[in-house]
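In: give me the fold of what follows.
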Amino acid sequence: MKTDYFRKHFIVSSLLLSIFFVFNCGSDSSDEGSNSSSILITGALNSFGEVNVGSNSMSQNIQVKGDNLSANLSISVTANFEVSLDDVSFSNQVTINKDIVNAGNQPLYVRFSPSASALGVISGEVSMQSNSATTRIVNVSGVGLSTAPVISINVSSFNFQDTPVAQQSASSTLFIDGNNLTTTIDLNVTEGFEISLDGTQFSDVQQIPSGSVNNQTTLFIRFAPTALGNATGTLSLVSAGAETVEIALSGTGIPVVYNYLTFDKERLAFGGGFNQSATQTFNLHDDLTNIETIKMYVKLTCPNEGCDEWDVYANVKVKDNDSGELYELGRYITPYWNDNSQLERGFEFDVTDFKSLLTGSTELRIRTECWNARGYEVTIDFDYIEGTPDYPYYAVSRVLAYDDWSSSGVPYGTTHSLDLDKMVSIPANAESTHLRTIISGWGQASPAIAGRTCAEWCFRTHDVKINGVNTFQHNMDALGCASNPVNNQEPGNWQPDRAGWCPGMVVPYRIDSFATNMAGSTFDFEYEYQSGWTNDAQNGNAFYATSTFVVVKSNTPINKPVVID
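Out: Predicted coordinates:
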């Protein structure tokens, strides 16, 4: 194989041989008197260079002489090299009579004769021995080249970056070297991968012409997934007479994602010319046919003046154009003193339930309950992720909406006039029905329950009644606030567990799925907060900000559920 690697070794070998002879060989007179008998060498052997295996190089020679040798001179050579006294008959060992070698210089011929397995740089030794003299060693080297057709490559496998389905990764390069090839190299790759000889035109097959096969060829390879998930494949290189070369390929197909930026660092604050809310209309994805999931991301950044020092109630809403109502897409509590930059994209919400509203021209409202002029800069973007939807048609209706502010929630532990009982009618073609609820408690009203005031701190369990029967439960319990990745909230009191929420975290949305599809049915809905506690009015009020939606899905176009007060 002709490579720069071998050529560098030729040069190094030649230099070593030259150094050897300068310091070790010398002339006849240089060794006189050093021993009673000695072996003297004149001349040098260079690297034999590149030689096809199974053949012989041109010979090189040196002169050997004995000085008072009392025994014959035996000369042997290691495997893949041969010696001769007449440059005709070569073997791995020769002997020179002591009288002849003592009489004067005798020529010794050496050649490189690599065996079939002696590929690459081969090193050896010529050893000269006589009983009464110090053994002399001459180093030799050469490069064995294969005479068989061989395809060589520089990489045995490729693992490509994650790539969206129906798109292509960046290409990687493979260097192909042929030796002794006489026919084309046919290249083919399995489904999900593509190859090119020019980096522009890609396909699943390519061919290197016979006239170029023994030169180095650059092949471009890329991942073009046709399905989600892990993919493996093989690139095959075939040429007549050569062993087929196969390269392992792998990659992961990920969904195609359409991203839509809406609010971009929208400043929300109280005072200083700013507002706590902002409303705008945006054009969002208009074809939901193959959208499996919609994710919403809320990124908070601190203004130059710094962030609000308090943990405050905040949410994002979308307008239902049919009713004009605003539906709560997601709720979060801001961090103390800081933003959520510790999360790469901010707070994440799955808002697929609202896909029927998040299409085309869409009105959104954002709000943070800040009570100073610093507030936050709020950025909202959406990912529409391709895939196979569980059902192609969705519809959603509002059941409860006591969620505009923390104090807009349902008063707890006292009488109130808010309506928590609804009648809900489900379309006849519904194939799946569930409720989606967001709830968070506010206030530190007394008396405390197990040392916890309500409704921010007291752990309670609420019931969702369907036709008067407790069907679903919502446990307002600890979420592990101290392990929140948004943990740069000092000196805020962010680590203690609240009742179902944490500062600097998404307020969980609670999904309650009906055991049957509820198609064509009408049922009574009631949200019941845990009883047995009454506000003594000694430490303010307690509230549960609550929103509940009913979501239906179908394989056929579906109308919204009807909610009656």
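
In: quick one: contacts of the helix or strand harbouring residue 364?
Out: Using DSSP states H and E, residue 364 falls within strand 360-368. Outside of strand 360-368, the residues that reach it under the criterion C-beta atoms under 8 Å, 6 or more residues apart in numbering are 262-263, 266, 268, 276-284, 286, 308, 312-319, 321, 326, 334, 375-376, 378, 380, 404. Yep, even glycine has a C-beta here, placed from its N, CA and C like the rest.

In: please repeat the previous calculation with a cut-off of 7 Å.
Out: 262-263, 266, 268, 276-284, 286, 312, 314-319, 326, 334, 375-376, 378, 380 (C-beta atoms under 7 Å, 6 or more residues apart in numbering).

In: go on, stretch 554-565?
Out: 391-393, 395-399, 419, 422-427, 429-431, 550, 552.

In: then that stretch to CSV, C-alphas only?
Out: As requested, C-alpha coordinates have been extracted for stretch 554-565 and formatted as CSV (Å, rounded to 0.1, in the frame of the first residue of the first chain):
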residue,chain,number,x,y,z
SER,A,554,-62.1,11.6,17.1
ASN,A,555,-61.2,10.1,13.8
THR,A,556,-63.9,12.2,12.2
PRO,A,557,-64.4,16.0,12.4
ILE,A,558,-65.8,16.8,15.9
ASN,A,559,-67.7,19.7,17.5
LYS,A,560,-66.8,21.2,20.8
PRO,A,561,-68.4,19.8,23.9
VAL,A,562,-71.2,21.9,25.2
VAL,A,563,-70.9,23.3,28.8
ILE,A,564,-74.0,24.6,30.5
ASP,A,565,-73.9,26.6,33.8
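
In: thinking again about what came up before, out of the contacts of stretch 554-565, which are buried?
Out: 392-393, 395-399, 422, 424-427, 429-431, 550, 552 (16 or more other C-beta atoms under 10 Å).

In: of those, which belong to strands?
Out: When the buried ones among the contacts of stretch 554-565 are checked against strands (DSSP state E), the matches are 393, 395-399, 422, 424-425, 550, 552.

In: list buried residues within the contacts of strand 360-368.
Out: Buried residues within the contacts of strand 360-368, defined by neighbour count using 16+ other C-beta under 10 Å: 262-263, 266, 268, 276, 278, 282, 284, 312, 314-319, 326, 334, 375-376, 378, 380.

In: in stretch 75-83, what's buried?
Out: Neighbour-count burial for stretch 75-83 [16+ other C-beta under 10 Å]: 75-77, 80-83.

In: so of the residues you listed, which ones are in strands?
Out: Within those, membership in strands is found for 75-77, 81-83, as judged by DSSP E.

In: between these, which is nearest residue 411?
Out: Of all these, the one sitting nearest residue 411 is residue 81; the distance, using C-beta to C-beta, is 100.2 Å.

In: roughly how far apart are the nearest residue to residue 71 once chain neighbours are set aside and residue 103?
Out: Beyond its immediate neighbours in the sequence, the residue positioned closest to residue 71 (C-beta to C-beta, 6 or more residues apart in numbering) is residue 131, lying 3.9 Å away. When C-beta to C-beta, to the nearest Å is the yardstick, residue 131 and residue 103 sit 18 Å from each other.

In: likewise residue 342?
Out: According to C-beta to C-beta, residue 342 stands 91 Å off from residue 103.

In: more crowded one of the two?
Out: The residue with more neighbours, out of residue 342 and residue 103 and counting by other C-beta atoms under 10 Å, is residue 342; that gives 14 against 11.

In: neighbours around the residue lying closest to residue 513 once chain neighbours are set aside, how many?
Out: Leaving aside its chain neighbours, residue 513 sits nearest to residue 434 (4.2 Å; criterion: C-beta to C-beta, 6+ apart). Using other C-beta under 10 Å as the criterion, residue 434 is surrounded by 16 other residues.

In: what pairs with whichever helix or strand residue 434 is part of, parallel or antiparallel?
Out: Secondary-structure assignment from DSSP H and E places residue 434 in strand 432-442. Here strand 432-442 has these sheet partners by DSSP bridges: strand 509-513 (antiparallel), strand 543-554 (antiparallel).

In: single out the most deeply packed of these.
Out: strand 543-554 (a mean of 24; mean count of other C-beta atoms under 10 Å).

In: what's the first helix or strand after it?
Out: Taking DSSP H and E as the definition, the helix or strand that follows strand 543-554 towards the C-terminus is strand 562-564.

In: doesn't residue 314 fall inside a helix?
Out: No - Residue 314: not assigned to a helix; according to DSSP: H, G, I helix; E, B strand; the rest coil it is strand.

In: who does it form a beta bridge with?
Out: Beta-bridge pairing for residue 314 (DSSP bridges): residue 332, residue 368.

In: isn't it right up against residue 334?
Out: Yes - the pair residue 314 and residue 334 qualifies as a contact (C-beta atoms under 7 Å) at a distance of 5.7 Å.

In: okay, buried residues for stretch 184-194 please.
Out: Buried residues in stretch 184-194, counted by 16+ other C-beta under 10 Å: 184-185, 187, 189, 192-194.

In: buried residues, stretch 240-258. List them.
Out: Residues of stretch 240-258 classed as buried under the neighbour-count rule (16+ other C-beta under 10 Å) are 242, 245, 247, 249, 251, 253-256.

In: just stretch 97-113 next, same as before
Out: The neighbour-count check on stretch 97-113 (16+ other C-beta under 10 Å) flags 98, 101-102, 105-106, 108-113 as buried.

In: in contact with residue 175, which residues?
Out: Taking C-beta under 7 Å, 6+ apart as the contact definition, residue 175 lies against 153-154, 216, 218.

In: which among these gets closest to residue 89?
Out: Among the contacts of residue 175, and counting by C-beta to C-beta, the member closest to residue 89 is residue 216, at 40.9 Å.

In: okay, now the residue nearest to that closest one when sequence neighbours are not counted: neighbour count?
Out: Among residues not flanking residue 216 along the chain, residue 177 sits closest, at 5.2 Å (C-beta to C-beta, 6+ apart). Summarising burial for residue 177: neighbours were counted as other C-beta under 10 Å, giving 18.

In: dig out what residue 177 forms beta bridges with.
Out: Beta-bridge partners, per DSSP bridges, of residue 177: residue 152.

In: that one reaches residue 152, doesn't it?
Out: Yes - if you go by C-beta under 7 Å, residue 177 and residue 152 touch, sitting 4.3 Å apart.

In: how close does residue 307 sit to residue 489?
Out: Using C-beta to C-beta, one obtains 10 Å as the distance from residue 307 to residue 489.

In: so residue 255 makes contact with residue 386?
Out: Yes - under the criterion of C-beta under 7 Å, residue 255 makes contact with residue 386 at 5.0 Å.

In: which stretches of the stretch 1-150 of the chain form strands?
Out: All strands of the stretch 1-150 of the chain, identified by DSSP state E, counting those that start in this stretch, fall at 38-42, 50-52, 60-67, 73-77, 81-84, 93-96, 106-112, 120-129, 136-145, 150-153.

In: nope, the stretch 401-550 of the chain is what I meant
Out: Remark: strands assigned in the stretch 401-550 of the chain by DSSP E, counting those that start in this stretch are 410-411, 421-425, 432-442, 444-449, 452-455, 460-466, 469-476, 505-506, 509-513, 522-528, 543-554.

In: right, so of the ones you listed, which gets closest to residue 63?
Out: In terms of C-beta to C-beta, the element of the strands of the stretch 401-550 of the chain nearest to residue 63 is strand 505-506, at 89.0 Å.
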